[in-house]
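structural data only, the sequence is not supplied:
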Ligand SMILES: O=C(O)c1ccc(O)c(O)c1
Ligand SMILES: [Mg+2]
């Protein structure tokens with residue numbers, strides 16, 4: 001196994017003042033930082049004070065950057081650039097930083113002349129060397145004449161100065177579709193620095209793409225494992241340093257953002273085989289879901305055919321069951337009103353907790369009564385608790401003796417966790433790295449109250465959907481923000497809907513326009529279409545099978561239920577129908593007072 005690389009983060013990734021950023025990076029466990037010039041310029045601390053602060057926090061300053069528009073300029077400008085550089089080397093000496101980043105020129109004065117670029121960089125490297133420092137040259141994807149790493153490397157080789165090397169940045173290389181395999185031809189000791197950033201594939205100009213949409217490794221569409229593998233194989237032994245320009249991260253609380261950032265590197269190191277973590281135990285299904293709501297949810301569950309089978313020994317929560325679908329109802333939290341916990345059956349809950357801890361996920365201390373089962377409880381980025389349980393969690397509930405009437409539900413199909421916009425990317429990385437759940441591609445759909453971004457994470461019978469409004473919402477959107485829901489699986493949706501409706505379940509009515517559109521889009525047999533219309537069922541299909549589903553009205557402040565039937569190997573979640581459901585919820589809220597079914 002290669003030695004485990006050190007970790008670093010550019011101060012530009014995080015929000016706040018330099019002091020906030022350094023504290024957050026250190027608390028998350030980073031070894032070093034890339035210091036952005038702007039963060040230094042606005043700081044009231046002198047470079048020497050920043051150096052002491054970093055030392056106290058256990059952080060090294062691995063790179064000072066950026067130094068712009070240096071190479072390939074007319075002689076008059078070159079002299080001025082060297083003067084400017086000498087000042088910056090003085091600052092670096094005070095900081096205790098020994099590597100300066102020089103990005104390829106973007107200025108219109110820059111000349112397309114590799115010989116001149118090499119000559120001027122040689123002069124800069126000579127200046128650095130006299131102070132025991134070095135210069136790392138990076139090709140920006142939008143550099144005026146140098147925009148690819150192979151070109152930057154040709155110039156560095158031509159300059160032939162021991163204090164001049166290159167800086168590789170995964171974004172600039174992968175965004176332009178350049179093949180990273182040629183990195184292997186660069187001697188490791190000439191790769192002075194490595195900056196890592198992922199990104200979603202977006203058909204836009206590289207500059208705005210880079211400045212607004214970079215993500216932490218594992219959150220986007222680039223293959224950072226293969227990329228970093230080439231760099232390590234070339235012999236690079238410096239830090240893995242995150243350089244992520246992202247509008248959300250730059251406004252977020254830097255403390256959890258830094259933890260999220262470090263988690264991305266731990267997962268990357270694991271995938272590279274340079275860090276061993278406790279393996280993710282297999283997850284065999286949904287043990288239960290906990291809904292935190294105001295009184296009423298139990299009544300809706302009763303109408304769906306569930307029975308109240310248990311009462312918790314010490315907490316004011318009840319267990320409701322039908323088949324293998326289990327819902328813990330906590331009616332004490334109307335203020336929150338949503339899915340409070342997702343409980344997944346783990347083959348090894350203790351190892352699940354150990355892996356979560358190793359990936360810096362908050363493992364919550366659990367207050368246990370004398371007979372209570374040991375569950376690992378881990379807080380997801382939005383505060384949802386994820387329980388990993390073995391078989392004994394049911395012992396926490398005193399049986400009531402009631403049994404479910406039953407309406408065809410046999411289990412939990414999925415749990416839909418609407419996310420605050422700011423946690424969307426982080427959530428996918430969290431569920432993937434901590435629990436080994438594979439994310440689907442991101443889709444977006446137009447909903448009545450704005451565009452919604454959606455993806456799922458899952459493995460086998462464990463399925464979670466993550467949805468977020470694409471921009472923060474204003475005053476006009478409904479007063480019930482982002483309801484969450486639990487979806488139950490059944491084998492016969494029309495019969496289940498009929499039985500539930502007969503028992504008084506508040507099922508959503510779907511407008512006729514929806515069925516007219518279905519008839520136009522899909523060539524469904526008339527009898528099947530009539531059946532869907534009669535029961536207000538929604539329909540979807542993919543290459544693997546078909547999907548029938550229906551929803552209840554809101555059963556609490558922010559929670560509702562869904563019943564689904566998967567036919568064949570259908571893999572989706574009926575996302576295309578989500579806007580119909582949202583509009584139906586809105587119509588229902590306006591037409592009727594809040595649902596209050598008798599318990
Ligand atoms: O967007 C920029 O200007 C910028 C600056 C420094 C970098 O290392 C980089 O990758 C981009
Ligand atoms: Mg960079």
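Sure thing, it's come through. Fair warning: this is a prediction, and the values are worked out from it, not measured in the lab. Ligands and ions are numbered 1, 2, ... in the order given.

give me the phi and psi for the closest residue to ligand 1 within the stretch 301-450 of the chain.
Going by CB to the nearest ligand atom, ligand 1 is nearest to residue 425 of the stretch 301-450 of the chain, at 19.2 Å. For the C-beta atoms, the positions are set from N, CA and C on the backbone; glycine is no exception. The phi/psi pair for residue 425 (degrees, to the nearest 10) reads phi -70, psi -40.

next one: residue 447
phi -110, psi 170.

quick revisit: for the residue of the stretch 301-450 of the chain closest to ligand 1, what are its contacts?
215, 216, 219, 248 (CB atoms under 8 Å, 6 or more residues apart in numbering).

quick one: which of those has the most company?
The most neighbours of any of these, using other CB atoms under 10 Å, belong to residue 216, which has 28 neighbours.

wait, it sits on residue 198?
Yes - counting by CB atoms under 8 Å, residue 216 touches residue 198, with 6.3 Å between them.

need the residues touching each of these two.
Counting by CB under 8 Å, 6+ apart, the common neighbours of residue 216 and residue 198 are residue 264.

hey, what's residue 7 bridged with?
Beta-bridge pairing for residue 7 (DSSP bridges): residue 240.

burial count for it?
Neighbour count of residue 7, defined by other CB under 10 Å: 24.

could you check the pLDDT of it?
On pLDDT, residue 7 comes in at 98.

do the one 4 residues further on as well
Here, the pLDDT recorded for residue 11 equals 97.

what sits against it?
By CB under 8 Å, 6+ apart, the contact set of residue 11 is 18, 21, 22, 25, 33, 34, 35, 36, 39.

do residue 260 as well
Residue 260 neighbours (CB under 8 Å, 6+ apart): 216, 381, 426, 429, 430.

please work out how many residues are found near residue 416.
By the criterion of other CB under 10 Å, residue 416 has 22 neighbours.

quick check, it in contact with residue 463.
No - judged on CB under 8 Å, residue 416 makes no contact with residue 463 at a distance of 9.4 Å.

around ligand 1, pick out the residues from this structure.
65, 66, 101, 103, 138, 140, 169, 195, 210, 211, 243 (CB under 6 Å from any ligand atom).

repeat the analysis, applying 5 Å as the threshold.
Residues of the chain lying close to ligand 1 by CB under 5 Å from any ligand atom are 66, 169.

contact residues of the chain facing ligand 2?
Counting by CB under 5 Å from the ion, the chain comes close to ligand 2 at 169, 195, 243.

burial count for the last one?
Around residue 243 there are 28 other residues, counting by other CB under 10 Å.

list the contacts for residue 94?
46, 47, 48, 51.

likewise residue 143?
Each residue near residue 143 by CB under 8 Å, 6+ apart is listed here: 103, 104, 105, 106.

ok, these vs ligand 1, which is closest?
residue 103 (5.0 Å).

give me the beta-bridge partners of that closest one?
Here residue 103, judged by DSSP bridges, has bridge partners residue 138.

let me know how buried it is, in neighbour terms.
Applying other CB under 10 Å, we find 24 residues neighbouring residue 103.

now the one 4 residues further on
Residues within reach of residue 107, counting by other CB under 10 Å, total 12.

ok, so what distance separates the residue nearest to it when sequence neighbours are not counted from residue 512?
Of all residues beyond its chain neighbours, the one nearest residue 107 is residue 69 (4.2 Å), with distances taken as CB to CB, 6 or more residues apart in numbering. Separation of residue 69 from residue 512 (CB to CB, to the nearest Å) stands at 63 Å.

in this protein, what residue comes closest to ligand 2?
The chain approaches ligand 2 most closely through residue 169 (3.5 Å), counting by CB to the ion.

what residue ranges in the stretch 451-599 of the chain score low on pLDDT?
Scanning the stretch 451-599 of the chain for pLDDT under 70 picks out the ranges 472-474, 477-481, 592-599.

can you rerun that using 50?
For the stretch 451-599 of the chain, the stretches flagged by pLDDT under 50 are 599.

quick one: the strands in it, in order.
Along the stretch 451-599 of the chain, the segments classed as strands by DSSP state E, counting those that start in this stretch run 462-469, 484-490, 538-541, 545-551, 559-568.

looking at these, which is buried most?
Mean neighbour count (mean count of other CB atoms under 10 Å) peaks for strand 484-490 among the strands of the stretch 451-599 of the chain, with a mean of 25.

for the closest residue to residue 276 other than its chain neighbours, give its distance to residue 6.
In this structure, residue 276 finds its nearest non-sequential neighbour in residue 270, 7.4 Å apart by CB to CB, 6+ apart. Residue 270 sits 16 Å away from residue 6, going by CB to CB.

contact partners for residue 379?
So residue 379 contacts 361, 362, 364, 385, 386 (CB under 8 Å, 6+ apart).

number of nearby residues for the first one?
When neighbours are counted by other CB under 10 Å, residue 361 registers 22.

go on, the second one?
Counted by other CB under 10 Å, the residues lying close to residue 362 total 16.

can you pull the contacts of it?
Applying CB under 8 Å, 6+ apart to residue 362 gives the contacts 378, 379.

about what we covered before: so for residue 69 and residue 512, which residue has more residues nearby?
A count of neighbours by other CB under 10 Å puts residue 69 above the other of residue 69 and residue 512, at 20 against 9.

correct me if wrong: the more buried one contacts residue 106.
Yes - contact criterion CB under 8 Å: residue 69 and residue 106 qualify, at 6.5 Å.

give me the element residue 55 is part of.
Assigned by DSSP states H and E, residue 55 falls within helix 47-57.

for the nearest residue to residue 569 once chain neighbours are set aside, what are phi and psi?
What sits nearest to residue 569 in space, not counting adjacent residues and going by CB to CB, 6+ apart, is residue 544, at 3.7 Å. Residue 544 adopts backbone torsions of phi -110, psi -20, taken as degrees, to the nearest 10.

distance of residue 544 from ligand 1?
41 Å (CB to the nearest ligand atom, to the nearest Å).

repeat for residue 182
Distance, residue 182 to ligand 1, by CB to the nearest ligand atom: 19 Å.

what is the neighbour count of that residue?
Neighbours of residue 182 (other CB under 10 Å): 15.

looks like it contacts residue 151 (just checking).
No - using CB under 8 Å, residue 182 makes no contact with residue 151, being 11.4 Å away.

helix, strand or coil for the residue nearest to residue 107?
Applying DSSP: H, G, I helix; E, B strand; the rest coil to residue 69 yields a three-state assignment of coil.

now swap in the one 4 residues further on and tell me
Per three-state DSSP, the local secondary structure of residue 73 is coil.

same question for the one 3 residues further on.
Secondary structure state of residue 76, per three-state DSSP, is helix.

again, but for residue 34
Taken by three-state DSSP, the conformation at residue 34 corresponds to strand.

quick one: residue 174 is in a strand?
No - with three-state DSSP as the criterion, residue 174 is assigned helix and is not in a strand.

quick one: contacts for it?
Residue 174 neighbours (CB under 8 Å, 6+ apart): 180, 199, 222, 223, 227.

now swap in residue 223 and tell me
Neighbouring residues of residue 223 by CB under 8 Å, 6+ apart: residue 174.

next, it: phi, psi?
Here is the backbone geometry of residue 223 (degrees, to the nearest 10): phi -90, psi 90.
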